[in-house]
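Engineer: Okay, sequence plus prediction incoming.
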Amino acid sequence: MQIAQVDNDTAYYCAFNFPAVLRTVGSQNWYEKLKPMHDQMVRDMRWKVRRSLSYSMHECARILGPAITESDLMPVLFHFLQDIADVAAGVLENLPQILQVLSQEQRDKYIELFIQAQNKAEQANKTRWR
């Protein structure tokens, strides 16, 4: 099934309930059953779908563990940081919980990238004011 082919409400509910489905199906089925759908929702044109995923990313990270979070969710996190403010806010609000899943070595690797993303966001906010 393609997420782009379903109506707005159904796509939103799929994204909203994704962590519960992941918990039920388990991380062992991530690559075979859930990652393809997750990837579609991450790229969905509807910002409410992406926003819902961004606000629940920390829950998915807890379920998936450090290895899959590092390989599959961290690229999504940085993708969401470059999205519209409503989507980026979800990642930023739950960033501490996401980072707790990663090892100290993995966290250290990302600190400079987070600083750059924060600086970019602050600069964008300054240019919005007249």
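Structural biologist: Sure thing, it's come through.

Engineer: so who does the nearest residue to S56 once chain neighbours are set aside touch?
Structural biologist: Sequence neighbours aside, P19 is the residue nearest to S56 in space, at 4.8 Å (criterion: C-beta to C-beta, 6 or more residues apart in numbering). The way it works is simple: take the backbone N, C-alpha and C, and place the C-beta from them, glycine included. Residues touching P19, when contacts are defined by C-beta atoms under 8 Å, 6 or more residues apart in numbering, comprise 56, 59-60, 63.

Engineer: who wins for neighbours among these?
Structural biologist: Using other C-beta atoms under 10 Å as the neighbour criterion, C60 leads these with 24 neighbours.

Engineer: helix/strand/coil for it?
Structural biologist: helix (DSSP: H, G, I helix; E, B strand; the rest coil).

Engineer: same thing with the one 5 residues further on?
Structural biologist: Reducing the assignment at G65 to three states with three-state DSSP gives helix.
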